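1. compute the structure for the input listed below.
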Amino acid sequence: MGRKGQRRSLKRLFAPKNWRIERKVKEWTVKPIPGPHSKEVSIPITILLRDYLGHATNRKEVNFILNNGDVLVNGRPIKDSSFPVGLMDVIEIPKTKEYFRVLFDKKGSVNLLKIDESEKNTKLFKLINKTMIRGNKLQLNLHDGTNVLSEEGYPTSSTLVMKVPEMKVVDSLEFKEGYIGLVIKGKNVSKIGKISKITEFGIYKDAVLLESGNDKFQTLKDYVLVVGKDSPIIKIE
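-> Numbering: from 1, shown residues only. Here you go, the predicted structure:
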C-alpha cells in the first residue's frame, strides 16, 4: 500500500541553495508547508530558530517554543514548525524582546536582520498585479502570495507599507525614478540604490538602472522593491 500524503521532511542535499544549513551533517531537514511564500524564496521557521538563532537544538524544542506562543510572524503566533517565512516577514520573540526582518544577502541566502521594536508592525509588500473579483471588488496580489481587497487602485510594482497583523495600508511608494530600490532577486540581490532610469519600451523593456555612489547596476523591474523616497523607510542593512 502506498504512502498517503506528502513527506514532511526534505533531503538536505536538495534543500534550496538560499538556506544556510549544513548539507552533509544529517540526511534530512524540514520541508516547508504550502504557505505565503514559495519554497525557493522562503525557509521553515524551525531552521531559523534552530540553525540561525540557536534558540533550539532540535525540532521537539522548536515545537515546544511554538506551542507556547513564543514566536510571532508578522504579529501572529505561529504553531506549525514547518511554516515558511520569507522576504520582509518580521519575526518577533517577545520573551527575549528580539525582532528580526527576513532579507536576502548578496549570495541570495535567507538572512535575518535585527530591527528595533518600533518596526515590528511594519511590513513592505511589492504589488505584483491586481484583479477584479466577484462583486466588482478590487483584489491586490502581493509578492508573498497575500491577497487583499482595496478600494484604491495602486499602480502595479508599487510598494505598500502595511501595518501587521491588521494588514492595513498606511502608505504607498510608487515605482518611479529618483526613489530608493532594494534588489530582491538576481545577480545584484541585496544591493540598494536610487532608481535612475526605468525603460518602459523596446528591447530592454522593464529594465531598471540603479545608482549607489559610483556604482551603477541594472536589473529587472520585477526584481526591485521600492523602499523609500530619499532613503529607506525601514532598516534593511
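
2. just the helices in this structure please.
-> With helices called from DSSP state H, the chain shows them at 45-47, 59-67.

3. nearest approach to Gly181 belongs to which of those?
-> For Gly181, the closest of these is helix 45-47, at 28.3 Å, according to C-beta to C-beta. Bear in mind the C-beta positions are built from the backbone N, C-alpha and C, glycine included.

4. so which other helices or strands are in contact with that closest one?
-> Helices and strands touching helix 45-47, by 3 or more C-beta pairs under 8 Å, 6 or more residues apart in numbering; DSSP states H and E, are strand 28-30, helix 59-67.

5. mind running it again at 10 Å?
-> Counting by 3 or more C-beta pairs under 10 Å, 6 or more residues apart in numbering; DSSP states H and E, the packing neighbours recorded for helix 45-47 are strand 28-30, helix 59-67, strand 84-86.

6. CA atoms of stretch 59-71 as PDB?
-> Only the C-alpha atoms of stretch 59-71 are listed here, as PDB (Å, rounded to 0.1, in the frame of the first residue of the first chain):
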ATOM      1  CA  ARG A  59      12.500  20.100  16.200                       C
ATOM      2  CA  LYS A  60      11.000  18.900  19.500                       C
ATOM      3  CA  GLU A  61      12.300  22.000  21.200                       C
ATOM      4  CA  VAL A  62      11.100  24.200  18.400                       C
ATOM      5  CA  ASN A  63       7.600  22.700  18.700                       C
ATOM      6  CA  PHE A  64       7.600  23.400  22.500                       C
ATOM      7  CA  ILE A  65       8.500  27.100  21.800                       C
ATOM      8  CA  LEU A  66       5.900  27.500  19.100                       C
ATOM      9  CA  ASN A  67       3.100  25.700  21.100                       C
ATOM     10  CA  ASN A  68       3.700  28.200  23.900                       C
ATOM     11  CA  GLY A  69       3.100  31.100  21.500                       C
ATOM     12  CA  ASP A  70       6.600  32.400  22.000                       C
ATOM     13  CA  VAL A  71       7.200  33.300  18.300                       C
END
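
7. what's next to that stretch, contact-wise?
-> Contact with stretch 59-71 is made by 9, 29-30, 44-50, 53, 55-56, 77-83, 85, 91-96, 98, as judged by C-beta atoms under 10 Å, 6 or more residues apart in numbering.

8. for the residue nearest the centre of the chain, give its distance to Leu112.
-> Geometric centre of the chain, nearest residue: Leu87, 1.1 Å, by C-alpha atoms, centre = their mean. Counting by C-beta to C-beta, to the nearest Å, the separation of Leu87 from Leu112 is 12 Å.

9. shared neighbours, these two?
-> In contact with both Leu87 and Leu112: Arg101, Val102, Leu103, using C-beta under 10 Å, 6+ apart.

10. doesn't Lys191 make contact with the last one?
-> To tie it back to what came earlier, the one meant is Leu103. No. Here Leu103 lies out of contact with Lys191, judged by C-beta atoms under 10 Å, at a distance of 11.8 Å.

11. what do those two both touch?
-> When contacts are counted by C-beta under 10 Å, 6+ apart, Leu103 and Lys191 are jointly contacted by Leu182, Ile184, Glu237.

12. as TSV, those with distance to Val148 and neighbour count would be great.
-> Converted to TSV, those look like this (distance: C-beta to C-beta, whole Å; neighbours: other C-beta atoms under 10 Å):
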residue	distance to Val148	neighbour count
Leu182	21	27
Ile184	20	23
Glu237	28	9
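
13. highest mean neighbour count out of the helices and strands packed on helix 45-47?
-> Of the helices and strands packed on helix 45-47, the one with the most neighbours on average (mean count of other C-beta atoms under 10 Å) is strand 84-86, at a mean of 25.
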